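In: Fold the following for me, if possible:
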Amino acid sequence: MLIFMIFAFIILITSGIFIYIGTITNAQLHTALDDSTAFQSTTNTSEVIEDTFGKVPTAFSSLYWISIVIIAGMIISIFVGSYLVTTKPIFLVPYIFTLVIAVIVSVGISNAYESLITTPELATTFAGFTASNYFMLYLPMWVTIIGFIGAIIMFSRIGSKEDRYIWKK
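Out: As a prediction, this is how the structure comes out:
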């Protein structure tokens, strides 16, 4: 759970920074070169910028939905991993302690993310991350839900018939 929270935070921050840098760089290129006389008179710098670097902000805008798909994939992998792990019932106690620590850490990560997305320079960039923002702003709730579902999946397989047949073969 701790690795999941950290990776989700890093993915969203990196995606937001890429989108921000792509948008700002494209705008600065247009500002600096649109009315420039440094090039030959036959070269339209606006078209050159749009044909080259102008595609970058459009490509980076897909990070809005890619980020939440990656987070959903990590959640599914937690559930699959919980299903594939067979463990003893005694490990429920350390699992609960680890989950409590993860919830406490998730509060700090959620607060840090909230202060980051409310920064005036980055607010418009992170406004496009609607599902990801919802996930990160309510991270303690999501960590609790995912942790308990993972525990139910992991510890409900104890003593299943599949385990008995593996040893008899």
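In: which residues touch Trp65?
Out: Ala131 (Cβ atoms under 8 Å, 6 or more residues apart in numbering). For glycine as for every other residue, the C-beta is placed from the backbone atoms N, C-alpha and C.
In: the longest helix in the chain is where?
Out: helix 2-33 (DSSP state H).
In: in that helix, what counts as buried?
Out: 4-5, 8-9, 11-13, 15-16, 18-20, 22-23, 26, 29-30 (16 or more other Cβ atoms under 10 Å).
In: Also stretch 143-157?
Out: So, applying 16+ other Cβ under 10 Å, buried residues of stretch 143-157: Val143, Thr144, Ile146, Gly147, Gly150, Ala151, Ile153, Met154, Phe155, Arg157.
In: Pass me the low-pLDDT residue ranges in this structure, would you?
Out: 34-43, 157-169 (pLDDT under 70).
In: And Val143, how far from Met136?
Out: 11 Å (Cβ to Cβ, to the nearest Å).
In: Spit out the contact partners of the closest residue to Val85 other than its chain neighbours.
Out: Setting aside the residues directly before and after it, Val85 is nearest to Met154 in space (Cβ to Cβ, 6 or more residues apart in numbering), at 5.6 Å. Met154 makes contact with Ser82, Tyr83, Val85, Thr87, Tyr95, according to Cβ under 8 Å, 6+ apart.
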